[in-house]
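# Return atomic coordinates for the entry below.
(2 chains, ligands or ions: 4)
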Amino acid sequence: MTSQIKSPPLKNCPKTVIDRAGLDCLFDSLRVRGFTVVGPTVRDGAIIYDNLGSTNDLPMGWTDEQEAGSYRLKKRSDKALFGYTVGPHSWKKYLFPPRQRLWMAKRQGRSFSIENNDPPENSKFAFIGVRSCELHAIGIQDRVFIGDKFIDPVYKSRREQAFIVAVNCGQAGGACFCASMNTGPKAESGFDLALTEILNRKSPYFVVEVGSAAGAEVMGDIPQRQLAEKDEQAAEAVVAGATSQMGRAMEVEGIRELLPDNPDHPRWEEVAKRCLSCANCTMACPTCFCSTVEDTTDLTGDHAERWKRWDSCFTMDFSYIHGGFVRQETKSRYRHWITHKLSTWHNQFGSSGCVGCGRCITWCPVGIDITEEVGAIRASLS
Amino acid sequence: MVQPRKPKLAVWKFASCDGCQLSLLDCEDELLAVAGAVDIANFPEASRAVAKGPYDLSLVEGSITTPHDAERIHKIRRNSKYLITIGACATAGGIQALRNFQDVREFISIVYAHPEYIESLKKSTPIAEHVFVDFELRGCPINKMQLVEVISAFLNGRNPNTPRHSVCMECKMRGAVCVMTARGIPCLGPVTQAGCGALCPAYNRGCYGCFGPMETPNTPSLSKWWKKLGANDPDLVRAFRGFNAYAEEFRRESEAHEVR
Ligand code: SF4
Ligand code: SF4
Ligand code: SF4
Ligand code: SF4
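Ligands and ions are numbered 1, 2, ... in the order given. Got it, this is the predicted structure:
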């Protein structure tokens, strides 16, 4: 999938090599250009995304072990900066913030006036360490938020200004299945720069692929050397390693029919016994885009605000229409979620809604596994 | 122009620790606005003066534990246009509802020198078991911002924004790392109603269930997972018997793990 925001095409993506000092330089150069540099860092027992002061904030020497319903931070035996897979956060928290004030209104006698007087926010982010599955997830949200008639202005402004430094995965996590979804582990497009971290024992270095004119311009500031054949081979080996280690797999053949054709399958009852309808899966998912609005007033009633916040198809209110809740049972909510992700998303947006990042599997508090649920329905029919 | 009469607000206390009333006093920045918007007719934590009813809005804190209180709440209801209960005691019976699982007469005989003076009901019960309640604001204690939201909603004739979904949604929205998934710490967040902003998980603790059962709590499934994390039946009984022990779904779950 290609993202809706097209970087100016670059003829035969130039590749070079930088070292750790070069990476420091990249951070500086992004900052000088006015970007807030955000990326992976260790916090509260996980690798999350937050502001990065320097490359020292990167999770050097850390990795993660992931299973259904379980994530553990682990020490690595080397000093890899990007030796982990995706964690609880995703870039959607920057492009599609969890809470946004849409507008404010002031009472004016018997009428009111709407004011949008928020100061322009600094929303020029440089994302460091975006994985291939995440590039695809951003592409999917581009389609939703800015790829059609109705444009989300906040998303658009943040997205257009974002500078994306991708990282090719050197290992796949226990919940990853991008290889089956055709979304990784190698970053193919949709980035300004893409790094492959080569862990040679002396000093780790990075093969850099330039993906846009903006990326090329930034690279102009960075000390680098020419790519040698052995660097290229090393980079290929890194990605091949990740591909061979996928923690999970999803059989996608015929999936668009499989789920909607089986609305009464007994498996839905079974998963509903375990599902907490807690919405962790949808909060963690990098493609889930649902939101609701909350209108509020102050005590005097002279001032009103409309806020938009993340919502989830697992809540009751989500399916409330005049007269009641449409999806009352957990069974119908889980079925709705997975069917939309894997099947009806195609009809609606022309692609799958799942990029195989595994977040919904790892961060489900009771370890419900999207690949296992599909597998169970498939197996029972064959 | 004649100013419209300000709505009369009264705060009532039943069996409780006063913590929820204090949340109102704690609204430092908003308190003046509250005082400007309503006439405070009765507020035991702030003043001893009591203005006569009827009241436009009664905030009721505490649970019903004595025959006298069981009477008193009816009088308050009759005198109130709107009645909103605040806090786990008023909405679920509170921590004192732990007595509901035991024989309270036995405690009385052990604790008091003259048990014959003590008139106490067998159970500590939420206000809604006695009178019609217009709205229940959960929490132990309630969240003061939610209280201001509920009062503002009442004053402006709109619905309050107090979602009934899980604490997990607040947890993820604030970017906290799930303590159950990343550290194996048992957490009640998935079955507990939002409202605190996921305070405990943000400080590396599991949720204690202060806001009571969320809209569709699947407590048996969560208990199963807790056992995988090493909790046993007595742990589960204790976890579900907190401030909201007598809330229907939590009560059933704790009873399911009682070793007889
Ligand atoms: S799903 Fe693929 S691209 Fe995403 S983190 Fe895992 S290996 Fe990397
Ligand atoms: S559905 Fe699950 S695996 Fe697929 S993109 Fe969302 S979080 Fe990742
Ligand atoms: S699938 Fe898991 S994370 Fe999603 S709502 Fe159900 S229990 Fe929560
Ligand atoms: S820490 Fe608790 S409240 Fe937060 S996501 Fe995990 S289970 Fe839910």
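# residue ranges of the strands in the stretch 151-300 of chain A, please?
Counting by DSSP state E, counting those that start in this stretch, the stretch 151-300 of chain A forms strands over residues A:163-167, A:193-198, A:205-210, A:225-226, A:291-297, given from the N-terminal end onward.
# Okay, now the unreliable bits of the chain?
Let's take chain A. Applying pLDDT under 70 to chain A picks out residues A:1-13, A:117-120.
# Can you look at chain B instead?
Along chain B, the model assigns pLDDT under 70 to residues B:1-3.
# can we see that at 90?
Using pLDDT under 90 as the threshold, the predicted model of chain B has low-confidence ranges B:1-5, B:23-37, B:40-53, B:104-109, B:111, B:113, B:115-118, B:259-260.
# who's in contact with the closest residue to residue B:84 other than its chain neighbours?
In space, and not counting its chain neighbours, residue B:84 is closest to residue B:135: 4.7 Å by CB to CB, 6 or more residues apart in numbering or on different chains. For glycine as for every other residue, the C-beta is placed from the backbone atoms N, C-alpha and C. Taking CB atoms under 8 Å, 6 or more residues apart in numbering or on different chains as the contact definition, residue B:135 lies against B:82, B:84-85, B:150, B:160.
# next one: residue A:81
If a contact means CB under 8 Å, 6+ apart, then residue A:81 has A:20, A:23, A:55, A:58-60, A:197, A:204 as its contacts.
# Swap in 7 Å and give it another go.
Residues in contact with residue A:81, defined by CB atoms under 7 Å, 6 or more residues apart in numbering or on different chains, are A:55, A:58, A:60, A:197.
# Correct me if wrong: the first one contacts residue A:28.
No. Here residue A:55 does not reach residue A:28: they are 9.9 Å apart, not a contact under CB atoms under 7 Å.
# Break the chain into its domains for me.
Reading this off chain A. If the domains of chain A are taken from automatic domain parsing, they occupy A:16-244, A:255-381, with pieces of a single domain joined by a plus sign.
# Chain B is the one I meant
Per the record's domain assignment (automatic domain parsing), chain B is made up of the domains B:8-155, B:167-255.
# Those domains: which one's closest to residue A:366?
The minimum distance between residue A:366 and the domains of chain B falls on domain B:167-255, with 4.7 Å, by CB to CB.
# Is ligand 2 within reach of that closest one?
No. Using CB under 6 Å from any ligand atom, we find that domain B:167-255 stays clear of ligand 2, coming within 11.9 Å at best.
# Residue A:342 against residue A:255, yeah?
Yes. Applying CB under 7 Å as the test, residue A:342 and residue A:255 come out as touching, 5.2 Å apart.
# got any residues that touch both of those two?
Common neighbours of residue A:342 and residue A:255 are listed as residue A:374 (criterion: CB under 7 Å, 6+ apart).
# So for the two, which residue has more residues nearby?
In this comparison of residue A:342 against residue A:255, neighbours counted by other CB atoms under 10 Å in any protein chain shown, the higher total goes to residue A:342 at 23 against 20.
# thought residue A:316 was touching residue B:217?
No. With contact defined as CB under 7 Å, residue A:316 and residue B:217 do not form a contacting pair (11.8 Å).
# Tell me, how many residues neighbour the residue lying closest to residue A:245 once chain neighbours are set aside?
Nearest in space to residue A:245, with sequence neighbours left out and distances taken as CB to CB, 6+ apart, is residue A:172 at 4.5 Å. Here the number of neighbours of residue A:172 (other CB under 10 Å) works out to 26.
# and if you look at residue B:4?
The burial count assigned to residue B:4 is 6, neighbours taken as other CB under 10 Å.
# Apart from its neighbours in sequence, what residue is nearest the closest residue to chain B within chain A?
Nearest to chain B, among the residues of chain A, is residue A:283, at 3.4 Å (CB to the nearest CB). Nearest non-adjacent residue to residue A:283, counting by CB to CB, 6+ apart: residue B:172, 3.4 Å away.
# Show me what residue B:39 is bridged to.
residue B:8 (DSSP bridges).
# Residue B:137 too?
Beta bridges link residue B:137 to residue B:86, judged by DSSP bridges.
# That one: neighbouring residues, count only.
Counted with other CB under 10 Å, the neighbours of residue B:137 add up to 24.
# dump the residue contacts of it.
Under the criterion of CB under 7 Å, 6+ apart, the contact partners of residue B:137 comprise B:84-86, B:146-147, B:150, B:162.
# for the residue nearest in space to the middle of chain A, what are its contacts?
Computing the C-alpha centroid of chain A and ranking residues by CA atoms, centre = their mean puts residue A:286 first, at 3.6 Å. Contacts here follow CB under 7 Å, 6+ apart; on that basis residue A:286 touches A:90-92, A:134, A:137, A:355, A:357, A:359.
# ok, now how distant is it from residue A:152?
16 Å (CB to CB, to the nearest Å).
# likewise residue B:130?
48 Å.
# what's the answer for residue A:124, then?
In terms of CB to CB, residue A:124 sits 17 Å off from residue A:152.
# So for those two, which sits in the more crowded spot?
Comparing residue A:124 with residue A:152 by other CB under 10 Å, the one with more neighbours is residue A:152, at 19 against 16.
# so what's that one up against?
Contacts were defined as CB under 7 Å, 6+ apart; by that measure residue A:152 touches A:145-146.
# For the residue nearest to residue A:283, pull up the helix or strand it's in.
Counting by DSSP states H and E, the secondary-structure element that holds residue B:172 is helix B:167-173.
# So what's the gap between that helix and the chain middle?
Taking the mean of its C-alpha atoms, helix B:167-173 sits 20 Å from the chain's own mean (CA atoms, centre = their mean, to the nearest Å).
# Report the buried residues of that helix.
By neighbour count with 16 or more other CB atoms under 10 Å in any protein chain shown, helix B:167-173 contains the buried residues B:167-173.
# Now compare the contacts of residue A:81 and name the two farthest from each other.
Based on CB to CB, the longest span within the contacts of residue A:81 runs between A:55 and A:197 and measures 12.0 Å.
# Closest approach to ligand 2 from the stretch 151-260 of chain B, which residue is it?
residue B:172 (11.9 Å; CB to the nearest ligand atom).
# Pull up the distance across stretch A:290-301, start to finish.
Chord length of stretch A:290-301, first to last residue, is 29 Å (CA to CA, to the nearest Å).
# any bit of it sitting next to ligand 3?
No. Applying CB under 6 Å from any ligand atom, one finds that stretch A:290-301 is not in contact with ligand 3, the shortest distance being 13.2 Å.
# can you give me the offset of that stretch from its chain's centre?
Going by CA atoms, centre = their mean, the spacing between the C-alpha centre of stretch A:290-301 and its chain's C-alpha centre is 28 Å.
# In stretch A:367-381, which residues are buried?
Within stretch A:367-381, the residues that count as buried by 16+ other CB under 10 Å are A:367-371, A:373-378.
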